[in-house]
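Asker: Generate coordinates for the sequence data below:
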Amino acid sequence: MSEFKRIPPEQAQALREQGAVVVDVRDPATFAALHISGSKHLDNHSLHAFIQGADLDAPTVVVCYHGNSSQGAAAYLVGQGFSDVYSMDGGFELWRTTYPSETAQGTDE
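Answerer: Sure, this is the predicted structure:
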């Protein structure tokens, strides 16, 4: 079984530009207020559907507040059969200071 990899925002951005799936595990209200453009919100309610519809071999970047919770979520996805999973160090807080123009509001992504 593969392990997830911890990466900085710069590497997450490079993967994102290559079509990686970005999933955000922060709470719904925080996600709606501001998130990485194009990311998907994942929580206990949407997780099963996400896993069922996912390409398990597609690069998947997991984001949380500061890079701690995303590690647990990334490990869980690896356990569910995902083969190319990353946890972004520094979380969304570091992302928004590194790439402020690459954020969006709302819940439609």
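Asker: how about the strands of the protein, start to end?
Answerer: Counting by DSSP state E, the chain has these strands, from start to end: 5-7, 21-24, 35-36, 40-41, 60-63, 85-88, 103-104.
Asker: which of the ones you listed is buried the deepest?
Answerer: Of all the strands of the chain, strand 60-63 carries the top mean neighbour count, a mean of 28, counting by mean count of other Cβ atoms under 10 Å. Placement of C-beta: from N, CA and C, glycine included.
Asker: State the paired neighbours of that one in the sheet, together with their directions.
Answerer: Strand 60-63 has its sheet partners listed here by DSSP bridges as strand 21-24 (parallel), strand 85-88 (parallel).
Asker: can you redo these as CSV with distance to residue 107 and mean pLDDT?
Answerer: Formatted as CSV, these follow (distance: least, Cβ to Cβ, whole Å; pLDDT from 0 to 100):
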stretch, distance to residue 107, mean pLDDT
strand 21-24, 11, 98
strand 85-88, 21, 98
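Asker: With distance to residue 51 as extra columns, can I get these in a markdown table?
Answerer: Output for those, formatted as a markdown table (distance: least, Cβ to Cβ, whole Å):
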| stretch | distance to residue 51 |
| --- | --- |
| strand 21-24 | 11 |
| strand 85-88 | 12 |
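Asker: contacting residues around residue 99?
Answerer: Going by Cβ atoms under 8 Å, 6 or more residues apart in numbering, residue 99 touches 9, 13, 36.
Asker: Could you rerun that using 10 Å?
Answerer: Applying Cβ atoms under 10 Å, 6 or more residues apart in numbering to residue 99 gives the contacts 9-10, 12-13, 16, 36-37.
Asker: Can you read off the pLDDT for it?
Answerer: Per-residue pLDDT puts residue 99 at 97.
Asker: ok, now how distant is it from residue 52?
Answerer: 30 Å (Cβ to Cβ, to the nearest Å).
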